[in-house]
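Enquirer: Fold the following and give me the result.
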Amino acid sequence: MKNSKKILAPVTEEQQKITIVKNGPYSVTGSVPLAEMIISNDKEGYSYEWRNGKKYQLQEKYSLCRCRNAKTLPFCDGTHEKSGFDGTETANKKSYCEQAEKIIGPSLNLTDYVDICASARFCDRAGGIWNLTCLSDAPEAKSIAITEAGNCPSGRLVVWDKKNRDAIEPEFRPSIGLIEYPDNGGKGPIGVRGRIPVESADGTVYEIRNRITLCRCGKSENKPFCDSSHLELREK
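Expert: Predicted coordinates:
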């Protein structure tokens, strides 16, 4: 019998999903691409753009560790069962807009939900997105604010066109990124792009968004979402 290369069956975006296993991993289905997402800094040291890192072989299904102790990172190897990992989900299921602060600017509005901040710090450049949105109507300031918000991996920050009230969002195909912070060698959360549904261990689905970040250090107090607890782990 001849050896044959396995060909993945075509999938639609509707079939792509992340399911949270109770006190276990993130179960990913639907042949979702997985790669490293590396933050690149500008000359002044501010987060500036995303750089692609290692790409993993495409798989129909895979499980991503969320206890941080697997020996097969980023994939789960069952270590959570031995370590007694508590992955209890504590995030509420209200919509982003219900929880975000609204900031009014001359031509852009900004919504900000700090509880899901992943500390990627794209928002600090050029005086900060808050000043760019609220204090200036200059085309350059607007452009930078839109770019900064679009680079925010967690979706904490969203800019809105004040005239038509539409969110200004980058176009993302469904993908998962392992966020890396090269300035200090740290590992950030799991970035999810392109409106991939995330199903809770209780079977309900969180609000489907264009970009979110999921905890992979196991210490977030807002599980399954990142709350920047990975930074505290690096400081210890």
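Enquirer: switch to C-alpha atoms for all contacts and neighbour counts from now on
Expert: Noted.
Enquirer: do you know how far Ile104 is from Lys142?
Expert: Going from Ile104 to Lys142 by Cα to Cα, to the nearest Å gives 13 Å.
Enquirer: Pull up the overlap in contacts between those two.
Expert: Thr133 (Cα atoms under 8 Å, 6 or more residues apart in numbering).
Enquirer: Between the two, which is the more surrounded one?
Expert: Between Ile104 and Lys142, counting by other Cα atoms under 10 Å, Lys142 is the more crowded of the two (20 against 15).
Enquirer: so where's the chain shaky on pLDDT?
Expert: 1-14, 183-185, 233-236 (pLDDT under 70).
Enquirer: Now with 90, please.
Expert: Scanning the chain for pLDDT under 90 picks out 1-15, 107, 134-139, 162-164, 181-187, 230-236.
Enquirer: That one: helices as residue ranges?
Expert: 79-83, 96-99, 129-134, 139-151, 229-235 (DSSP state H).
Enquirer: could these be laid out in a markdown table, adding distance to Pro33?
Expert: Converted to a markdown table, the helices of the chain look like this (distance: least, Cα to Cα, whole Å):
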| stretch | distance to Pro33 |
| --- | --- |
| helix 79-83 | 24 |
| helix 96-99 | 25 |
| helix 129-134 | 30 |
| helix 139-151 | 19 |
| helix 229-235 | 24 |
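Enquirer: Can you tell me which of those helices is nearest to Lys22?
Expert: helix 79-83 (10.5 Å; Cα to Cα).
Enquirer: got the end-to-end distance for stretch 189-208?
Expert: 18 Å.
Enquirer: which residues are contacting it?
Expert: With contacts defined as Cα under 8 Å, 6+ apart, stretch 189-208 is touched by 13, 16-22, 89, 93-96, 118, 153-154, 171-179, 209-217, 226, 230.
Enquirer: end to end, how far does stretch 94-109 reach?
Expert: 21 Å.
Enquirer: picking up where we left off before, buried among the contacts of stretch 189-208? Make that a ChimeraX selection.
Expert: Those of these that count as buried under 16 or more other Cα atoms under 10 Å are selected in ChimeraX with:
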select :16,17,18,19,20,21,89,96,118,153,154,174,175,176,177,178,179,209,210,211,212,213,214,215,216,217,226,230
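Enquirer: Domains of the chain: list them as residue ranges, please.
Expert: Domain segmentation of the chain under automatic domain parsing yields 15-91+175-225, 96-161.
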